[in-house]
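A.B. asks: when you get a sec, could you give me coordinates for this:
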Amino acid sequence: DRTVEGNEAIYAAISRISNTMASMPIHLYRGFEIQKNHPLERLINLEPHPNFSAYSWKQTMEVMLNTEGTAYALRILNAMGETIRLDILNSRRVTPKRDESGLLWYSIRMDDGQEAIAPGFMLIVIKHMSANGVMGIKPIDVLRKSLDYDTQVKELSLDQLDGVNHGVALTIPSVGMSQE
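C.D. replies: Sure thing, here's the model as predicted:
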């Protein structure tokens, strides 16, 4: 199984990475200067979503990044156009698309199966290395051969152990042993 839920090695690696990354601050820069007073700087590091602490929000985004290759958060705006919340999107339900002019849009499949379209500026997109600049490469796909090897070693080990517990008969010579 090549999922976080089905492979303890993947789970351990992604947990360690996501926990470490979540414990670190994320900063918004303009040039080389941190934008301490920018609303997104405060939002990400204090409370990006009412249901998530900053730690759990960053942890969840990092898990999506390391399992799917790309993590998405939808910016929710107030009436003044200010970002007030960042909703994490399931990466499997987001499809990047370009229009005729080359602008990037995202198709988001909702829980009810309907499609919502969001312009690129409405999403925070974090991706691993990318061949096309739009979608990140899934680390699990890169590690496929290593995971297959791990599975083969486990199967071989289990095959070798099969029969060991069926019983072992030892013959002990009785020479020099008392009857007691």
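
A.B. asks: can you tell me the element the residue positioned nearest the centre of the chain falls in?
C.D. replies: Centroid check for the chain by C-alpha atoms, centre = their mean gives residue 63 as the closest residue, at 2.5 Å. Using DSSP states H and E, residue 63 sits within helix 54-68.

A.B. asks: after that helix, next one along is what?
C.D. replies: strand 70-77.

A.B. asks: what mean pLDDT does that following strand have?
C.D. replies: For strand 70-77, mean pLDDT rounds to 96.

A.B. asks: quick one: that strand to chain centroid distance?
C.D. replies: 15 Å (C-alpha atoms, centre = their mean, to the nearest Å).

A.B. asks: one more: stretch 46-66?
C.D. replies: 11 Å.

A.B. asks: got a list of contacts for that stretch?
C.D. replies: The set of residues external to stretch 46-66 that reach it, using C-beta atoms under 8 Å, 6 or more residues apart in numbering, is 4, 13-14, 17-19, 21-24, 26, 44-45, 70-73, 85-88, 90-91, 126-128, 136, 139. All C-beta atoms are positioned from the backbone trio N, CA, C, and that covers glycine.

A.B. asks: with stretch 88-99 instead?
C.D. replies: Stretch 88-99 has contacts (C-beta under 8 Å, 6+ apart) with 49, 52, 57, 60-61, 64, 67-74, 104-110, 123, 134-135.

A.B. asks: gap between residue 16 and residue 103?
C.D. replies: Separation of residue 16 from residue 103 (C-beta to C-beta, to the nearest Å): 38 Å.

A.B. asks: good, wrapping up.
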